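Asks: just need the structure, nothing else, for what follows:
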Amino acid sequence: MDVKQPPATPRAALSRQQLAGLALLLVIACALPFLLGNYRVFQLTLALAWAIAVLGLNMLTGYNGQISLGHGAFIAIGAYTAAILMDKANMPYWATIPIAGLVCFVAGFLFGLPALRLEGLYLALATFALGVAMPQILKYKAFEHWTGGAMGVVIIKPDPPDGVPLTQDQWLYFFTLAWVIVLFFAGWNLLRGRVGRALIAIRDQPTAAKAMGVNTAMYKSLTFGVSALYTGIAGALSAIAVQFASPDSFSIFLSLTLLVGVVVGGLASISGAIYGALFIQFIPNIADQISKAAPWAIYGVFLIGLMYLMPTGVAGLVRLLRHRLANRSRPARP
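Replies: Okay, here's the model as predicted:
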């Protein structure tokens, strides 16, 4: 006797659509290095690294409500950790990535402890001070043996493993893409579960969250640490791709750029990190091609236009369009 399966619910169908979309996106991502030149592949590698950094900052600002204007400092710590280990200790490039993440996790957690006393604009000002001070700290003479002072540290671009028919840029692209997949999957599991609900509760109703037994101090400090871990890994990956780590590469403008990526991509959105990373990587180049005289004016026009047309970010617009398409596909009720 055949038993008919119940029809799939719209939510289940949407989940299958999402999985199909992710699979298609992964196929496209794997095909791009073979369709583009080395310079474009290099740009995409940096965009993938920025996506990790934007996701890390979004965990802190979008999900937990802690505003940071100094996350460029953690990118610098991650980049210099990888560069120093490769240059001074001859450590393999792949082994420096988790170490850079661990160092930044400790640094972020320790910075988050005193920052518990600060909220809102006061926390933003404290992190702003961290972002401003980091380039000067890296130039300090006592650290010059390790950081190279104002000259920075030059590292060698790694070759692909023996027998792998890829160029250096293609290999670094796939290496970075693997980290993106791992960290985005970990972030999705973290933010879609109990921890994510606790972070949102602390962001929206901190008093009620504390009354329900949520350890707000521990969650805030750990969120700062995990956010710094993501950002530090992004810094290490970008330093390996660029083959260089210099104090002037990690100015306060970098921290502001990351925040722009979070807002453009969409606050409290995992997929928004991809959109935000593409914006901060490619829009300045497009603005420069449009106007050599005033590229940042064009950049400002792009930014204002996006905020006017998509106040919830690119991810918010995509979510809205997806819901409308899903509602149109549903059969009308009799």
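
Asks: sec struct for residue 119, please.
Replies: coil (DSSP: H, G, I helix; E, B strand; the rest coil).

Asks: count the neighbours of it for me.
Replies: Using other C-beta atoms under 10 Å, residue 119 has 14 neighbouring residues. Glycine gets a C-beta too; all of them are placed from N, C-alpha and C.

Asks: same thing with residue 192?
Replies: Residues within reach of residue 192, counting by other C-beta under 10 Å, total 11.

Asks: so how far is residue 72 from it?
Replies: 28 Å (C-beta to C-beta, to the nearest Å).

Asks: just so I have it, where are all the strands in the stretch 1-150 of the chain?
Replies: Counting by DSSP state E, counting those that start in this stretch, the stretch 1-150 of the chain forms no strands at all.

Asks: my guess is residue 280 meets residue 258, correct?
Replies: Yes. In this structure, residue 280 is within contact of residue 258 by C-beta atoms under 8 Å, at 7.4 Å.

Asks: any common contacting residues for the two?
Replies: Counting by C-beta atoms under 8 Å, 6 or more residues apart in numbering, the common neighbours of residue 280 and residue 258 are 50, 54.

Asks: looking at those two, which one has more neighbours?
Replies: Shown here are residue 280 and residue 258; by other C-beta under 10 Å, residue 258 has more neighbours (29 against 24).

Asks: tell me what the one helix or strand the more buried one maps to is packed against?
Replies: Element membership for residue 258 (DSSP states H and E) is helix 252-265. In terms of contacts (3 or more C-beta pairs under 8 Å, 6 or more residues apart in numbering; DSSP states H and E), helix 252-265 is packed against helix 38-58, helix 72-88, helix 121-139, helix 272-290, helix 295-309, helix 313-329.

Asks: and the fifth one, what's its mean pLDDT?
Replies: For helix 295-309, the per-residue pLDDT values average out at 88.

Asks: next one: it to chain centre, how far?
Replies: Helix 295-309 sits 21 Å away from the centroid of its parent chain (C-alpha atoms, centre = their mean, to the nearest Å).

Asks: that helix: which residues count as buried?
Replies: Under the neighbour-count criterion of 16 or more other C-beta atoms under 10 Å, helix 295-309 has 295, 298-299, 302-303, 306 buried.

Asks: ok, and what's touching that helix?
Replies: The contact list for helix 295-309 (C-beta under 8 Å, 6+ apart) reads 260, 263-264, 279, 283-284, 286-288, 290-291, 314, 317.

Asks: still on that earlier bit, between the helices and strands packed on helix 252-265, which one is closest to residue 241.
Replies: For residue 241, the closest of the helices and strands packed on helix 252-265 is helix 38-58, at 4.9 Å, according to C-beta to C-beta.

Asks: what residues sit buried inside that closest one?
Replies: The neighbour-count check on helix 38-58 (16+ other C-beta under 10 Å) flags 41-58 as buried.

Asks: also stretch 23-35?
Replies: 29, 33.

Asks: what mean pLDDT does it get?
Replies: Rounded mean pLDDT across stretch 23-35 is 92.

Asks: same thing with stretch 128-148?
Replies: 91.

Asks: same thing with stretch 158-178?
Replies: pLDDT averaged over stretch 158-178 gives 93.

Asks: for that stretch, which positions count as buried?
Replies: Buried residues in stretch 158-178, counting neighbours by 16+ other C-beta under 10 Å, are found at 158, 160, 166, 168-177.

Asks: kindly check the end-to-end length of that stretch for me.
Replies: Using C-alpha to C-alpha, to the nearest Å, the end-to-end distance of stretch 158-178 comes out at 16 Å.
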